[in-house]
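A.B. asks: Return atomic coordinates for the entry below.
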Amino acid sequence: MNNRPTREERESWIAGGRASALADDDRAELALLADLLAHPSTWAEPNAGLEDSVVHAVLDAAPASSAPGPHTGAAPAARPTRRRRPALLAALGAAAAFAAVIGIVGATRGPRVDFAVRLEATALVPVARASATGTENAAGYRIVLDARGLPALAPGEYYEAWLENATGTLVPIGTFSSSAGKVTLWSGASPKDFPTLTVTIERTDNDQSSSNRRVLVGTVHDT
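C.D. replies: Sure, this is the predicted structure:
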């Protein structure tokens, strides 16, 4: 499942739900960090000596001059947005560290699986076998089918996967041509309501209904 948060969600998490109240220049920095956290290079494994290099660079850096300039009277009022900048940057740093922890935990646990199914072969292709896992997201239900032993079909034929409910109503969830690799299928209907997963052999005959030539059948269950 692609459960990656949207840019707006990332900004809301980083700013603690107060992104809309930030000034324009703060929002620009917030958007920059949100995009940075979404980029794959942010989560790339650093080389072993990076930490020591950063520490040495900080220790070797000359301190910035803090000598006061000539007194010119009352100091001009600081811009309100600048007074908030340190707090915002601190929040961004904490959010980045939190996101890093979440990324490490997610990588350790592996992709989430909401439901699974083991499919049995029918007499049409008795040597076939398959399993599938699925996840739910905003787009619907993503199902990854791992089938083995399905033979190459004659020209004009293809495999089609379906979800079926207790009354026999079918929802088509995708087509494919062989079991040479994993197949990604999509459903707009919940597998809880359509718990039977089947694979049939179909023809390019302009008939969108199922042929009922089933080669694989299984029942979806929660994980």
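
A.B. asks: Strands of this protein, residue ranges please.
C.D. replies: According to DSSP state E, the chain carries its strands in the segments 115-121, 129-137, 140-148, 157-164, 170-176, 183-187, 196-203, 214-219, 221-222.

A.B. asks: Quick one: mean pLDDT for stretch 7-23?
C.D. replies: Mean pLDDT, stretch 7-23: 68.

A.B. asks: How about stretch 117-125?
C.D. replies: The average pLDDT for stretch 117-125 rounds to 96.

A.B. asks: ok, now stretch 201-214?
C.D. replies: pLDDT averaged over stretch 201-214 gives 95.

A.B. asks: Can you list the neighbours in contact with it?
C.D. replies: For stretch 201-214, the external contacting residues (Cβ atoms under 8 Å, 6 or more residues apart in numbering) are 122, 124, 153, 156-160, 162, 170, 172, 175, 198-200, 215. (C-beta placed from N, C-alpha, C; glycine too.)

A.B. asks: So which of the strands of the chain is nearest E8?
C.D. replies: strand 129-137 (16.0 Å; Cβ to Cβ).

A.B. asks: what does that closest one rub up against?
C.D. replies: So strand 129-137 is contacted by 1-3, 111-121, 141-149, 179, 185, 190-191, 197, 199, 216, 218, 220, 223 (Cβ under 8 Å, 6+ apart).

A.B. asks: what do you get if the cut-off is 6 Å, keeping everything else the same?
C.D. replies: Contact with strand 129-137 is made by 1, 3, 112-119, 141-149, 216, as judged by Cβ atoms under 6 Å, 6 or more residues apart in numbering.

A.B. asks: So in terms of bridging, what pairs with A116?
C.D. replies: T133, H221 (DSSP bridges).

A.B. asks: That one contacts D222, correct?
C.D. replies: No. Contact criterion Cβ atoms under 6 Å: A116 and D222 do not qualify, at 8.2 Å.

A.B. asks: Which one's more surrounded, these two?
C.D. replies: Using other Cβ atoms under 10 Å, the more surrounded residue of A116 and D222 is A116, with 16 against 9.
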